[in-house]
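[1] Pasting the sequence and the predicted model now:
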Amino acid sequence: MSPAHARRVFYILTVTRWFPVGLVVGILVLLATGRGLTVAQALTYAAVSGIVTFALELPTSGFADAFGRRAVYLAAAVVNVLAALAYVFAYTFWAFVGAAALMGIFRALDSGPLEAWFVDEVHATTPGKDVDQELSRQGTFLGLAIALGSVIGGALIWWHPVRSAPAIDLAVWCFAALNLAHLLAVAVLLKETPRHPSGQRRRAMVAGSVRKAPHVIADGLKLLGRNKVLLGIVLAEVCWSIGMIAFESLLPLRLEEFLGTQQKAAATMGPVAAVGWAIFSLGTWLAGVTSRRIDIARTAMLGRLLNGIGVVVMAMTMGPVALIVAYLFTYSAHGFNGPPHSALLHREASSRNRATVLSMNSMMAFLAYGTVAPLAGLLGDRTSIATAMLVVGLVSIVGVGCYLPARRAEVATHSQTVI
């Protein structure tokens, strides 16, 4: 396969993978509460997806190397269809838990194979070629696909052509249908140059991947114990992840309170999410500009502060327009915090342990969200959605202090450079 052909397939499958997500972004929690679940139950089932991904992320990491990129990506697409159909037919708490578990399995399998396939195919004809520009364009296609899907999902819910069913159901059915289209696209378009092991070596690679998972976690925890700067950065990620509960899960419920109906809240989430993705991109650009002026650690601290304040303001708003404006501000700060946080992580990593450092950061985020989201839902049931938002927002602001060791290390490094 030529690099140009591989690029086309890479971009097409990126769009078919992420466009369906846009249709349901922010509305699955409304789907659950509309079908009788409490807020605590809705956030508990949603947390299951993150917990399953956390549990399987490392054990499945070697599957694509052992079985081939195409086989694993195809398996992920199959599970994605099953997960979408599970959401379509979920009407009880345990049915939603099952759907979320399938989605977690999908996310674990989906993480990496397509990108690895693309790089392999390019290097098969042009060894060592950098693909940074292609990956950057893929990110643009991904964001545009979600944004377009969000707008169309909102329009479908406003339209509500099937009056015999709730308006939100049509978007979920379309989500399932488009996931099936993605599966067919993968089956037809993704061709792989045979380069993977078979037989006993394949089984050994899979077994090794599963066995290594506890060791990677143990090595990561030991590293956090030795490196206080890295520990602070990961704790900032934990606070960040807890703050995300407000603008990823609680926002649609707060909108429903203001607008009065599930349909209006779900339809509004479409264009709001689309604009949110655009604002997110603006935030990432501003982070690069700011870090050149005030250094990376202070940029990360500023991003965490602004994002946490945004969540607190979301909790204190008294109307839908103010809530949406506060959300867009919060989401721009969400994008703003990403690049400096990643840069600080890479400062504390080396080629020997970089994968461990990145995995620990990601896994702690999944674990924090999965652990705290049910508690936030319970708090929302016992008090109010606004109170739950306020609490997770305050926790998010605590993450500012977690960057202080990184800031001190940055100052010390600059002082040594001057001397």
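    Here it is on my side, so go on.

[2] Ser241 contacts Ala365, correct?
    Yes. Applying C-beta atoms under 8 Å as the test, Ser241 and Ala365 come out as touching, 4.2 Å apart. Just so you know, the C-beta spots here come from the backbone N, C-alpha and C atoms, and that holds for glycine as well.

[3] between those two, who's got more neighbours?
    Ser241 (26 against 19; other C-beta atoms under 10 Å).

[4] residue contacts, that one?
    For Ser241, the contacting residues are 364-366, 368-369, 372, by C-beta atoms under 8 Å, 6 or more residues apart in numbering.

[5] so can I have CSV of these showing distance to Ala47?
    Converted to CSV, those look like this (distance: C-beta to C-beta, whole Å):
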residue, distance to Ala47
Met364, 14
Ala365, 12
Phe366, 9
Ala368, 10
Tyr369, 6
Val372, 8
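
[6] Just the closest of those to Pro340, please.
    Among these, Ala365 lies closest to Pro340 (C-beta to C-beta), at 16.0 Å.

[7] what comes into contact with stretch 382-399?
    In contact with stretch 382-399 (C-beta under 8 Å, 6+ apart) are residues 39, 235-240, 242-243, 245-246, 250, 253-254, 257, 304-305, 307-312, 314-316, 372, 376-377, 379-380.

[8] Now that stretch: buried residues?
    385-386, 388-399 (16 or more other C-beta atoms under 10 Å).

[9] for that stretch, what is the average pLDDT?
    Across stretch 382-399, the average pLDDT comes to 96.

[10] As JSON lines, the buried residues of stretch 382-399 with secondary structure and distance to Trp285 would be great.
    Shown next, in JSON lines, are the buried residues of stretch 382-399 (DSSP: H, G, I helix; E, B strand; the rest coil; distance: C-beta to C-beta, whole Å):
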{"residue": "Ile385", "secondary structure": "helix", "distance to Trp285": "32"}
{"residue": "Ala386", "secondary structure": "helix", "distance to Trp285": "31"}
{"residue": "Ala388", "secondary structure": "helix", "distance to Trp285": "31"}
{"residue": "Met389", "secondary structure": "helix", "distance to Trp285": "27"}
{"residue": "Leu390", "secondary structure": "helix", "distance to Trp285": "30"}
{"residue": "Val391", "secondary structure": "helix", "distance to Trp285": "31"}
{"residue": "Val392", "secondary structure": "helix", "distance to Trp285": "27"}
{"residue": "Gly393", "secondary structure": "helix", "distance to Trp285": "24"}
{"residue": "Leu394", "secondary structure": "helix", "distance to Trp285": "28"}
{"residue": "Val395", "secondary structure": "helix", "distance to Trp285": "27"}
{"residue": "Ser396", "secondary structure": "helix", "distance to Trp285": "22"}
{"residue": "Ile397", "secondary structure": "helix", "distance to Trp285": "24"}
{"residue": "Val398", "secondary structure": "helix", "distance to Trp285": "27"}
{"residue": "Gly399", "secondary structure": "helix", "distance to Trp285": "22"}
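
[11] can you redo those as a markdown table with distance to Ala273?
    As requested, those are exported to a markdown table (distance: C-beta to C-beta, whole Å):
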| residue | distance to Ala273 |
| --- | --- |
| Ile385 | 18 |
| Ala386 | 21 |
| Ala388 | 20 |
| Met389 | 17 |
| Leu390 | 22 |
| Val391 | 24 |
| Val392 | 19 |
| Gly393 | 20 |
| Leu394 | 25 |
| Val395 | 24 |
| Ser396 | 20 |
| Ile397 | 24 |
| Val398 | 27 |
| Gly399 | 24 |
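
[12] With pLDDT added, can I get the contacts of Ser241 in JSON lines?
    Shown next, in JSON lines, are those (pLDDT from 0 to 100):
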{"residue": "Met364", "pLDDT": "87"}
{"residue": "Ala365", "pLDDT": "89"}
{"residue": "Phe366", "pLDDT": "87"}
{"residue": "Ala368", "pLDDT": "92"}
{"residue": "Tyr369", "pLDDT": "91"}
{"residue": "Val372", "pLDDT": "94"}
